[in-house]
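Engineer: Sequence first, then the predicted structure, then my questions.
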Amino acid sequence: AQSVTQLGSHVSVSEGALVLLRCNYSSSVPPYLFWYVQYPNQGLQLLLKYTSAATLVKGINGFEAEFKKSETSFHLTKPSAHMSDAAEYFCAVSSYSSASKIIFGSGTRLSIRP
Amino acid sequence: SQTIHQWPATLVQPVGSPLSLECTVEGTSNPNLYWYRQAAGRGLQLLFYSVGIGQISSEVPQNLSASRPQDRQFILSSKKLLLSDSGFYLCAWSPEGAGGNLGQFFGPGTRLTVL
């Protein structure tokens, strides 16, 4: 079985500050890991994904995440927050399957202070 | 390129009325298709998924059903809506045979309010 835990349902940072959103996973098989972003009243957009290649993954909008197997973590970071980063962020885990099902975390709402 | 459409964008329905939400994907063949529900302030709940025409898998027993009458069309239905059916409904797709490593791609969603 697979699961994802996102630490912190709400994170608030100042504009220009470091963004760190935490995600820990559990998987009995090699995982595929994803971060999605959701703006209000919109669908989810894929930010980045880890699929067993490089452990440091770069995504859109300046975000990146590092896969750490020893810590079972896949934290999302951005060096300098922008007001437009305010959104809900979801970490997700998958593994090889014909149906490509994904298990989503409960989400972290990111707020940016001016 | 591939695109995914959902309609309607918003819907207000009385309790006990029927429901039909539609999702279509363009630019790909035989995609895997998914219906999710997102209740207010909560995460995503997978409702149904389909790996081919007429093949529907249900994740949770409830008041809803799904159908896939065509390769790139996925429909979510209910005969009688409940108040608890309110939420944001998201359709998603993934490429056939990708094995899960490409992720899923989401539509814009339908906001359903049951009064």
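Structural biologist: It's in.
Engineer: Could you list the residues of chain B in contact with chain A?
Structural biologist: B:32, B:34, B:42-44, B:46, B:49, B:51, B:57, B:88, B:90, B:92, B:94-95, B:97-109, B:111 (C-beta under 8 Å from any C-beta of the partner chain). Glycine gets a C-beta too; all of them are placed from N, C-alpha and C.
Engineer: Return the list of helices and strands in contact with the helix or strand where A:Val57 lies.
Structural biologist: Counting by DSSP states H and E, the element that carries A:Val57 is strand A:56-58. If contacts are counted by 3 or more C-beta pairs under 8 Å, 6 or more residues apart in numbering or on different chains; DSSP states H and E, strand A:56-58 sits against strand A:44-50, strand A:64-68.
Engineer: Just send the ones you listed back as TSV, with distance to A:Val13 and mean pLDDT too.
Structural biologist: Compiled in TSV, the helices and strands packed on strand A:56-58 are given as follows (distance: least, C-beta to C-beta, whole Å; pLDDT from 0 to 100):
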stretch	distance to A:Val13	mean pLDDT
strand A:44-50	17	95
strand A:64-68	16	96
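Engineer: At the contact with chain B, which residues of chain A appear?
Structural biologist: Applying C-beta under 8 Å from any C-beta, one finds that chain A approaches chain B through A:32, A:34, A:36, A:41-46, A:49, A:51, A:90, A:92, A:94-102, A:104-107.
Engineer: Contact partners for the closest residue to A:Ala86 other than its chain neighbours?
Structural biologist: Once flanking residues are discounted, A:Ala86 sits nearest to A:Ile112: 4.8 Å by C-beta to C-beta, 6 or more residues apart in numbering or on different chains. With C-beta atoms under 8 Å, 6 or more residues apart in numbering or on different chains as the criterion, the residues that contact A:Ile112 are A:12-15, A:81-83, A:85-86.
Engineer: try 6 Å this time
Structural biologist: With contact taken as C-beta atoms under 6 Å, 6 or more residues apart in numbering or on different chains, A:Ile112 is in contact with A:15, A:81, A:83, A:85-86.
Engineer: Low-confidence regions, chain B specifically.
Structural biologist: B:61, B:99 (pLDDT under 70).
Engineer: Centroid-nearest residue for it?
Structural biologist: B:Trp35 (2.8 Å; C-alpha atoms, centre = their mean).
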